[in-house]
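# Show me the folded form of this:
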Amino acid sequence: MSHRTNFSNYDHSNNTKTKDILNCILCFNRFDLNEHLPLVLTCGKSLCKNCVLNNTNPDENTFKCCFCKNSEHRID
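This next block holds a predicted model:
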């Protein structure tokens, strides 16, 4: 017996997981194709371009993930 789920009445606008992946985890702005372009770091976190650039060490051109604190990412 197969179980089928009817998604026609499912409210996708209230799906927290979907909302979370569409927003920067640092500034909470919705990703876009300009300032808030999503960048995936090598640690797997997604931040917007604006947050990465604002927190990049200009002398070394590196970004230290503020969540894992151990990962440094080279910004080219």
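# so how many other residues sit close to residue 40?
9 (other CB atoms under 10 Å). C-betas here are computed from N, CA, C, even on glycine.
# now do the one 10 residues further on
Counted with other CB under 10 Å, the burial measure for residue 50 works out to 17 neighbours.
# do residue 52 as well
Neighbours around residue 52, by other CB under 10 Å: 18.
# shift numbering so it begins at 32
Sure, I'll start counting at 32 from here, so that last one is residue 83.
# if I've got this straight, it is in a helix?
Yes - using DSSP: H, G, I helix; E, B strand; the rest coil, the secondary structure at residue 83 is a helix.
# For residue 75, see how far away it is.
14 Å (CB to CB, to the nearest Å).
# was I right about residue 92 contacting residue 103?
No - Residue 92 is beyond contact range of residue 103, at 10.5 Å (criterion: CB atoms under 8 Å).
# Those two - which one has more neighbours?
residue 103 (16 against 11).
# Is the more buried one bridged to anything, and to what?
Counting by DSSP bridges, residue 103 is bridged to residue 95.
# What is the burial count for residue 94?
21.
# next one: residue 70
For residue 70, using other CB under 10 Å, the count is 19.
# so how far is residue 99 from it?
From residue 70 to residue 99 the distance is 15 Å (CB to CB).
# Tell me the first helix or strand C-terminal of the worst-scoring helix or strand of the chain on mean pLDDT.
Each helix and strand of the chain was given a mean pLDDT (mean pLDDT, DSSP states H and E); the minimum falls on helix 47-52 at a mean of 57. Downstream of helix 47-52, the next assigned helix or strand under DSSP states H and E is strand 69-71.
# That following strand - what's its average pLDDT?
Mean pLDDT, strand 69-71: 90.
# That one packs against which elements?
Applying 3 or more CB pairs under 8 Å, 6 or more residues apart in numbering; DSSP states H and E, one finds that strand 69-71 contacts strand 77-79, helix 80-85.
# ok, and which of those has the densest surroundings?
When you average the neighbours per residue for each of the helices and strands packed on strand 69-71 (mean count of other CB atoms under 10 Å), strand 77-79 leads with a mean of 22.
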